[in-house]
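>>> Quick check, what structure comes out for this input:
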Amino acid sequence: MTYFISDLHLGAGYIADHRAHERMVVEFLRSIEPTARRIFLLGDILDYWWEYRDVVPRGFTRFFGELARLADKGVEIIWFKGNHDIWIFDYLPQEIGLKVHDGMMVTEIDGRRFLLEHGDGVGRLPWSFRALRKLFRCRVAQRMFAAIHPRWTVGFAHAWSSHSRKSGGYLPPATVCDNLTRFAIDYNAAAAEKVDYFVFGHLHVLVEKALPDGAKMVVLGDWISKFSYAVWDGESLKIDTFTIKN
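Numbers count the residues shown, from 1 in each chain. Sure thing, here's the model as predicted:
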């Protein structure tokens, strides 16, 4: 099986019980271990992450440990950078054995073509958001930010995240979802090889939509209220939700 999951936002300031939240994610990873061949983490897995050269932020020990255990067993793990966990560099790939990807990926799985992206980098985006994405990926800006002590940057990042969530983000999810739909339709109209499945995160909404050309678009929801994911079994892509069994 191939699994797709996004927007866990581990460590977010607006999540009341961080330990319970992390435990639920770990239990999910354990539950799919017998069947998982590949896991795509489609961004915003952590609410904030910044790797300094010689130190890494505290937290996420159980989650990272479970990813490492799966990687050691041969499960392929691909972590897409989202707009909250952009600043993953070499620590997680080296320590855990996963792959980090930034931007859009078109890949073939069991003979079907998938286009994967966090969801914040395709479609029509406001100029202000495009400028912010460019700034966050600028090497000079990253070096300047790294020079600030974490006691200031961590609190600032979580405060910004909480404010953004309360304000609903830069565009309503329905508007962005329409943009993703248009992007998918336009992409296949121009592509030499059409995509069968478009899979996105980012919007915190759960969408499963058939496109006019026979392709399918999925938006993965989140792990703040929906605890949702998608699974490809070699023949079909299905959305499901997870609950801990007592």
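
>>> alpha carbons only for contacts and neighbour counts from here, please
OK.

>>> Find the least confident helix or strand in the protein, judged by mean pLDDT.
When the helices and strands of the chain are scored by mean pLDDT, DSSP states H and E, helix 150-167 comes last with a mean of 61.

>>> Can you report the mean pLDDT over the residues of stretch 94-102?
Stretch 94-102 shows an average pLDDT of 94 in the prediction.

>>> Which residue is the nearest non-sequential neighbour of the residue most central in space within the chain?
Nearest to the geometric centre of the chain sits Gly43, at 1.7 Å (CA atoms, centre = their mean). The shortest distance from Gly43 to any non-neighbouring residue, by CA to CA, 6 or more residues apart in numbering, is to Gly82 (3.9 Å).

>>> follow-up on the earlier one: of all the residues in the helix or strand just after the least confident helix or strand of the chain, which ones are buried?
Scanning forward in sequence from helix 150-167 by DSSP states H and E, the next helix or strand is helix 173-190. By neighbour count on 16 or more other CA atoms under 10 Å, the buried set for helix 173-190 is 176-177, 179-181, 183-185, 187.

>>> Between those residues, which sits nearest Arg37?
Nearest to Arg37 among the buried residues of helix 173-190: Ala184, at 26.4 Å, using CA to CA.

>>> Neighbours of the residue nearest to that closest one when sequence neighbours are not counted, how many?
Closest residue to Ala184 apart from its sequence neighbours, by CA to CA, 6+ apart: Phe198 at 6.9 Å. As a burial measure, Phe198 scores 23 neighbours (other CA atoms under 10 Å).

>>> And the helix or strand hosting Phe198, what does it pack against?
Assigned by DSSP H and E, Phe198 falls within strand 197-200. Here strand 197-200 touches strand 112-117, strand 216-220, going by 3 or more CA pairs under 8 Å, 6 or more residues apart in numbering; DSSP states H and E.

>>> Mind checking what helix or strand follows the host helix or strand of Glu22 in sequence?
In the assignment (DSSP H and E), Glu22 maps to helix 18-32. Following helix 18-32 in sequence order, the next helix or strand is strand 38-41 (DSSP H and E).

>>> what about the helix or strand where Val140 lies, average pLDDT?
Here Val140 sits within helix 139-146, counting by DSSP H and E. Averaging pLDDT along helix 139-146 gives 72.

>>> same thing with stretch 108-118?
Across stretch 108-118, the average pLDDT comes to 97.

>>> quick one: buried residues of it?
Within stretch 108-118, the residues scored as buried using 16+ other CA under 10 Å are 113-118.

>>> mean confidence score for the strand holding Phe198?
Here the average pLDDT along strand 197-200 is 98.

>>> counting contacts, what elements does the helix or strand following that strand pack onto?
Where DSSP H and E defines the elements, the next helix or strand beyond strand 197-200 is strand 206-210. Packing partners of strand 206-210 (3+ CA pairs under 8 Å, 6+ apart): strand 216-220.

>>> All good on my end, thank you.
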